[in-house]
Structure formats: structure tokens, C-alpha cells
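> Provide a 3D model corresponding to the input given below.
(2 chains)
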Amino acid sequence: DAGVIQSPRHEVTEMGQEVTLRCKPISGHNSLFWYRQTMMRGLELLIYFNNNVPIDDSGMPEDRFSAKMPNASFSTLKIQPSEPRDSAVYFCASSRQVYEQYFGPGTRLTVT
Amino acid sequence: DQQVKQNSPSLSVQEGRISILNCDYTNSMFDYFLWYKKYPAEGPTFLISISSIKDKNEDGRFTVFLNKSAKHLSLHIVPSQPGDSAVYFCAASFYNQGGKLIFGQGTELSVKP
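Take a look at the predicted model:
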């Protein structure tokens, strides 16, 4: 099993640009989660999907952030326009059981 | 509002000795708790979990203890090995929220040979 796949692993962009992060969950998992890790706030949940349907997006910081899951094997997290305070490591995780989530390697985003 | 707290940002232990990582929570409605381990440049990996109906769960060198009255859980690693050096996160969840996890800030464990 390849595990959760995220791309790109690193992204450097200028303020105001659109950023798209991608995630391929583990096959057979029906829940997908997007997290953000920063020094100040730690690891925080942004949004999660169950069977491709967004269930809870209360962690999405503002309207500049959006997430989609068009099918069971792909999800995107988009930031438009990006700002320096969005710089963080973004993790995608998937799960089949209710609690045990499997994380991808993360995307390190730097907005200058 | 930090619902899950790991008050020790770092811990240093000698190889072969016991490592004890602590975690406190504020919401008595949490019904499931997990520990994750994270190496640099990798995502967190699931380590061990415990349901609120239990007070102990063991898996090899790793044991998690839950004290519901004190709203406290701990992870014991015996014996500690240099490969255990990583950041450890505790997390809590409500069953009726579909697996939504709330993480602590993490404790960096260093096991010295």
C-alpha cells in the first residue's frame, strides 16, 4: 500500500498567488482530513470529508480557503489569494475506521 | 481554547529507561484518545489508542493509561530506544463527530544512547 500521497512536497509562492495542494487517500478509506501545522497553533483540523461529502469545515480559516473531493481517490485544498500567514505544513490524512487516521508526508508551503 | 494540552514541550531519557509522556484534556465528553508519533519531514503515524471505557491499553513497549477523573492520559515507553526519538502528539475525539481529532501541541522525546 502506497499510503497517503500528497503533492507537491514543497511549494514556494508569492503573496496573492493561487496555491493548490493535492491529496490521494489510501484506497478503501472513506474519510479524508486536511490539517495545518504551525508553531503557534500546532496541528489543527481544517476540514474533513466522509464518502466525498464535506462534513465539517469549521476549521477553515476564511473564504480564501476551499477544499474539494470530486471522487474517492482525490482531494484538493486551494488557497486564493495566498498570504504570508498561510505559510505552514499542510497534512492530508485518511481513515477507514472512525478514529485511526493515516497521514501523508505533508506539503510545506511558504508564501513570500 | 486548548482542549488537549501537552505541557512538556520536550523530554530527554536515557536508552533502556522508561519514557513517560503526559497529556491533559478539559472536555469530559471525549470518548477516545490516541497517540501519534512524528519524525521530521514526515506525517504523524498512529501509535496506540484507548477508549474512555478502559483505563489501560498495552502494545509491546507502549502502554497508554487513562485517568478519567483527572482528565489525564499518559504514554509509557519501556524500554526506551534511540529510534523512539520523535515528537509525540496526543489526540482526543468524540465518537459522534465522525473521527474529528483534536491534537495537543506535542512533546519532543529524545532518547540518548
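> show me what contacts the most centrally placed residue in chain A?
Residue closest to the mean C-alpha point of chain A, counted by CA atoms, centre = their mean, is A:Trp34 at 3.5 Å. Residues in contact with A:Trp34 (CB atoms under 8 Å, 6 or more residues apart in numbering or on different chains) are A:Cys23, A:Leu45, A:Leu46, A:Ile47, A:Tyr48, A:Ala67, A:Ser75, A:Leu77, A:Tyr90, A:Phe91, A:Cys92. C-beta here means a position set from N, CA and C on the backbone, and glycine is covered the same way.
> that one: what secondary structure?
What DSSP: H, G, I helix; E, B strand; the rest coil gives for A:Trp34 is strand.
> what bridges to the residue lying closest to B:Thr45 once chain neighbours are set aside?
Spatial nearest neighbour of B:Thr45, chain neighbours left out: B:Lys37 (5.5 Å); criterion: CB to CB, 6 or more residues apart in numbering or on different chains. Judged by DSSP bridges, the bridge partners of B:Lys37 are B:Thr45, B:Tyr88.
> where does chain A dip in pLDDT?
A:1, A:97-98 (pLDDT under 70).
> if we use 80, what do you get?
A:1, A:97-99 (pLDDT under 80).
> got the residues of it near chain B?
For chain A, the residues in contact with chain B (CB under 8 Å from any CB of the partner chain) are A:4, A:31, A:33, A:42-45, A:48, A:50, A:55-56, A:91, A:93, A:95, A:97-106.
> show the buried residues in the residues you listed.
A:4, A:31, A:33, A:42-43, A:45, A:48, A:50, A:55-56, A:91, A:93, A:95, A:98-99, A:101-106 (16 or more other CB atoms under 10 Å in any protein chain shown).
> list the contacts of A:Thr13.
A:Val19, A:Ser82, A:Leu109, A:Thr110, A:Val111, A:Thr112.
> residue of chain B nearest chain A, please.
B:Gly43 (3.1 Å; CB to the nearest CB).
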